[in-house]
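J.: using only what follows, build the 3D model:
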Amino acid sequence: MKATYSTLYDSVKTESGIESVYSFVFLARRLAFVLTVVFVYRYDFFKVMLFLWLEGFYMIYVGWYGPHVESQFNLTEKINESFMLLVGYIMFLNTDYLGNQMIRYYLGWCAIFIGIALYVLNFLVLLGTFLVELHHAYRMYTIRRKFILAYGRKEMISENYFKSSRDTGPSARHSLSRASSRDDFSPSKKRRSSKLSRKSSLV
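T.: Take a look at the predicted model:
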């Protein structure tokens, strides 16, 4: 269950039921937007009112409960909904409530600039989060690399130590003594000793 549905409540508080249903509230709001456009497209004024109601309730939910674990995401949600509410109030003036076409034209451009500002703000937030995660990953990589190098150096030192101890330890000295003892009783050694004894007898 966790492996399958964990992405639905990733970085969301799950201590209480109201905070844990954030994904459902988010998707239900998007569905309500689509249904508003499909079924209430003939009533411009009522369509804007539904948009403001949905945004208002969602902003109250995010501001009151703070469903995200990290506070910066809750703050970003509040800023986003504040901008969207401002765009909703501008949309009121683009209905038949305002008859001046020039003012409606400039208000439309204001809504466009607000949307661009909102996009840039969210992009900077995502970029900052990406850089923080990248820095954390680089730190973990350097720590892991230092650990591997230190562990490998320790293994090399211990291997060289045991190798040198095998070459110069008691077993090596024992093998050398055994080799020297074998040389003492070799046939060539016996011949040399017999020749020296003959020469000494002749003298």
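J.: center of the chain - which residue?
T.: Central residue of the chain (Cα atoms, centre = their mean): residue 133, 4.9 Å from the mean position.
J.: just the element for that one, please.
T.: helix 101-168 (DSSP states H and E).
J.: which strands or helices does that helix pack on?
T.: When contacts are defined as 3 or more Cβ pairs under 8 Å, 6 or more residues apart in numbering; DSSP states H and E, helix 101-168 sits against helix 71-93. C-beta coordinates here come from the backbone N, C-alpha and C atoms, glycine included.
J.: just confirm residue 87 contacts residue 112, I think it does.
T.: No - counting by Cβ atoms under 8 Å, residue 87 stays clear of residue 112, with 9.5 Å between them.
J.: more neighbours, these two?
T.: Higher neighbour count among residue 87 and residue 112: residue 87, with 18 against 11, using other Cβ atoms under 10 Å.
J.: where's that one relative to residue 36, distance?
T.: Plainly put, residue 87 is 15 Å away from residue 36 if you go by Cβ to Cβ, to the nearest Å.
J.: with residue 66 instead?
T.: 27 Å.
J.: then residue 113?
T.: In terms of Cβ to Cβ, residue 113 sits 24 Å off from residue 36.
J.: which one's more surrounded, the two?
T.: Set residue 113 next to residue 36 and count neighbours by other Cβ under 10 Å: residue 36 wins out with 19 against 10.
J.: next, give phi and psi for that one.
T.: With angles defined as degrees, to the nearest 10, residue 36 sits at phi -60, psi -40.
J.: gap between it and residue 60?
T.: 19 Å.
J.: helices and strands of this protein: which one bottoms out on pLDDT?
T.: Here the helix or strand of the chain ranked lowest by mean pLDDT, DSSP states H and E is helix 170-184, holding a mean of 47.
J.: what about residue 66, how many residues close to it?
T.: 18.
J.: list the residues that contact it.
T.: Applying Cβ atoms under 8 Å, 6 or more residues apart in numbering, we find residue 66 in contact with 13, 19, 74.
J.: which element is the residue nearest to the first one when sequence neighbours are not counted on?
T.: By that I understand residue 13. The shortest distance from residue 13 to any non-neighbouring residue, by Cβ to Cβ, 6 or more residues apart in numbering, is to residue 19 (4.2 Å). Counting by DSSP H and E, the element that carries residue 19 is helix 17-20.
J.: list the contacts of that helix.
T.: By Cβ under 8 Å, 6+ apart, helix 17-20 touches 9, 12, 13, 14, 65, 66, 67.
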